[in-house]
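> take a look and give me a structure for this.
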Amino acid sequence: MEIESTSVSLNPTQSSSAAAPPAGSALSIIDELADRDRRKKNMIVYNLPEPASNKSDSDSFTAMCSSVFNGPYAITKSVRLGKKLPNKHRPLLLCLEHEEDKLTLLSRSYLLRHNDSYKNVFIAPDRTRFEREKHKKLLSELKHRRSQGEVDLIIRNGAIITKPARGTESHLNDTIFDSEVFPRNYSVFRKDRNIHGGGVFILVEKSIPSSILEIDSTCEVIWVLLHLQHSHDIILGAFYAPPNSPSSVWDELSESLTQVRQKFPTTMIVLGGDFNCPGVDWSSGSLMDSYVTLTFRESLITLAHDFMLEQTVNLPTRGNNILDLCFTTHPDYIHQCITVPGFSDHETVIVELANLQVGHKNVQKKIYLYNRANWDIIREKVSTVSDMYLTLNENSSRTVEQNWNFIHENILQIVKDHIPAKQISTLSRLPWMTSQLKRLIKRKQRLYKRAKRFKRPSD
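From the prediction side, this is the model:
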């Protein structure tokens, strides 16, 4: 396919022959959605050197993909944005043949930082004006919150969220409360051994719906289910194998994985922790010299093959050994896997997932139907409670707390007995669907119904 390569100059002050619709109008919403659809296959590459006269931008892009992403990606159009200036590379706007290719490149863009030839190149989606303004505000908020000491914050799907965390060798027991150790904005899931060693835990930021999986296991492993949108849930696991563990520890882990798979046969699994299994080249699956027995290492490799798990940590986590591992059933969703200095003699492994949207559970909510209440009986019951309250306090030294509990419990019982109620279910909330957008959509629907009903040109 022939590639078109041109240059354009963007001037924000350039006027258009047609006036833009007012912000917030039905037309502006339609224009925004149409603009997003036009850009859905586009992305922008920054700091990619401009080619020599005998080469095209498509050649430069293909060379970058071959070097960094291990394969070519078909593009239908390439455009350099802005005026050409000396010693400065203009942004390159690309239109890919398939939207899936764009999403794949964006999710793997972290690989550019690890390539010496392209470490200054970065990729971004081709955002609309509304999306650019929103992203700019998010970046400003992210910078402010980080300056206030908040950590592990990232921007995902139009929102700032905190990364889930997990750990091993927590050295906790039931005498130590969550609030003594962990941040308040996390849901804490623990499986303790004792304060002298062992123990695993998983922390999930409270805005992400999560629940623990009740799995019987004799090994040190814990499983948590994250509820994401569009049924793309994730099962997070934290595992610890003490040093010099027998090969039977993998049988125990296999039994735990089997129970997980029986309950959730297709759900994505991400299992991490300290496996204490050095001497394995995980990129090739070959074994190297190690102080750990051959049977121990082969048993872990067999377990990974049996459950179709791929190991993603390829950097040493303690000395020259890779002891802390991360297995997943969906390696394509791993955005990046890096190590940073930790709090102990192990490096901290950071695994970031891509192309996943945080969802919200459908919550059952009880509402009272006050228009169907029996107010005559309610007034009678309230009067009786009032008399009882006065009688109790005539010659009594009751505390304020006791009086409050008496009133509170009796009023709630009256409401429960004499006001009908029903259960409603709240729908899953899309992260980009703000209250303003909901109002605009309702307004658009009203305008459409009016135009369809009266068929007037003014509508």
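> in the helix or strand harbouring residue 299, what's buried?
Residue 299 belongs to helix 294-306 when assigned by DSSP states H and E. By neighbour count on 16 or more other CB atoms under 10 Å, the buried set for helix 294-306 is 296-297, 299-301, 303-304. Where C-beta positions appear, they are placed from N, C-alpha and C, glycine not excepted.
> could you point out which element follows that helix?
Defined by DSSP H and E, the subsequent element after helix 294-306 is strand 310-311.
> contacting residues around that next one?
For strand 310-311, the external contacting residues (CB atoms under 8 Å, 6 or more residues apart in numbering) are 282, 304, 325-329, 331.
> name the strands paired with it and say parallel or antiparallel.
With DSSP bridges as the test, strand 310-311 is paired with strand 324-328 (antiparallel).
> just the C-alphas of the partner strand, formatted as PDB.
Provided in PDB are the C-alpha atoms of strand 324-328 (Å, rounded to 0.1, in the frame of the first residue of the first chain):
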ATOM      1  CA  ASP A 324      10.700 -12.400  42.600                       C
ATOM      2  CA  LEU A 325       8.600 -13.500  39.700                       C
ATOM      3  CA  CYS A 326       5.300 -12.500  38.100                       C
ATOM      4  CA  PHE A 327       3.300 -15.000  36.100                       C
ATOM      5  CA  THR A 328       0.200 -14.100  34.000                       C
END
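> so what's the gap between it and the chain middle?
From the chain centre to the centre of strand 324-328 is a distance of 18 Å (CA atoms, centre = their mean, to the nearest Å).
> ok, residue 259 - contacts?
Under the criterion of CB under 8 Å, 6+ apart, the contact list for residue 259 reads 215-217.
> now intersect the residues you listed with the strands, please.
Taking DSSP state E, every one of the contacts of residue 259 sits outside strands.
> from the residues you listed, keep the buried residues only.
By 16+ other CB under 10 Å, the contacts of residue 259 give 215, 217 as buried.
> closest one of the contacts of residue 259 to residue 234?
Taking CB to CB as the measure, residue 215 is the one of the contacts of residue 259 closest to residue 234, at 15.6 Å.
> spatially nearest residue to the closest one (excluding sequence neighbours)?
residue 259 (4.9 Å; CB to CB, 6 or more residues apart in numbering).
> report pLDDT for residue 108.
pLDDT, residue 108: 75.
> would you agree it is in contact with residue 69?
Yes: counting by CB atoms under 8 Å, residue 69 is a contact partner of residue 108 at 6.0 Å.
> name the helix or strand for residue 269, please.
If you go by DSSP H and E, residue 269 is part of strand 268-274.
> that strand vs strand 324-328, what angle?
Angle of strand 268-274 versus strand 324-328, following axes from the mean of the first three to the mean of the last three CA atoms, to 10 degrees, is 170 degrees.
> packing partners of the next helix or strand after strand 268-274?
Going down the chain from strand 268-274, the next helix or strand is strand 280-281, by DSSP H and E. Other elements packing on strand 280-281 under the criterion 3 or more CB pairs under 8 Å, 6 or more residues apart in numbering; DSSP states H and E are strand 286-287, helix 294-306.
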